[in-house]
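S.K.: no sequence on this one, just coordinates:
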Ligand SMILES: [Zn+2]
């Protein structure tokens, strides 16, 4: 029974050490990552083209990566073929 008590104590210490290390690294990481906080993507011109909104799922994506249906002002953009199909099915 002494062995079980010893193992339990080691595990407890390891758990506490991990907890403290987690608190330390978390506290250290927070200030450096604060400068890199991702801003909400505004619908603006970016690398890859103008941002467009998928009318089915609401995802914003650049036109270069979007699936386009139609042309000109009536063009609709989708993030994936699945969204395009689902949107077409819902529309009809
Ligand atoms: Zn989508």
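M.R.: Arrived safely. Here the structure is a predicted model, which is why all the values come from computation and not from measurement.
S.K.: okay, CA-based contacts and neighbour counts for the rest of this
M.R.: Fine.
S.K.: for the protein, which segments count as helices?
M.R.: Under the criterion DSSP state H, helices of the chain are mapped to 2-34, 81-91.
S.K.: rounded mean pLDDT for the shortest one, please.
M.R.: pLDDT averaged over helix 81-91 equals 93, rounded to a whole number.
S.K.: mind listing what's buried in it?
M.R.: The neighbour-count check on helix 81-91 (16 or more other CA atoms under 10 Å) flags 83-84, 87 as buried.
S.K.: helices or strands next to the top strand by length along the chain in the packing?
M.R.: Across the chain, the longest stretch assigned as strand under DSSP state E is strand 49-53. Judged by 3 or more CA pairs under 8 Å, 6 or more residues apart in numbering; DSSP states H and E, strand 49-53 is in contact with strand 60-62, strand 76-78.
S.K.: which helices and strands does the first one pack with?
M.R.: So that's strand 60-62. With contacts taken as 3+ CA pairs under 8 Å, 6+ apart, strand 60-62 sits against strand 49-53.
S.K.: what residues does the protein put near the ion?
M.R.: Neighbours of the ion within the chain, by CA under 5 Å from the ion: 57, 79, 83.
S.K.: I figured the second one hits residue 68, correct?
M.R.: No - Residue 79 is beyond contact range of residue 68, at 9.2 Å (criterion: CA atoms under 8 Å).
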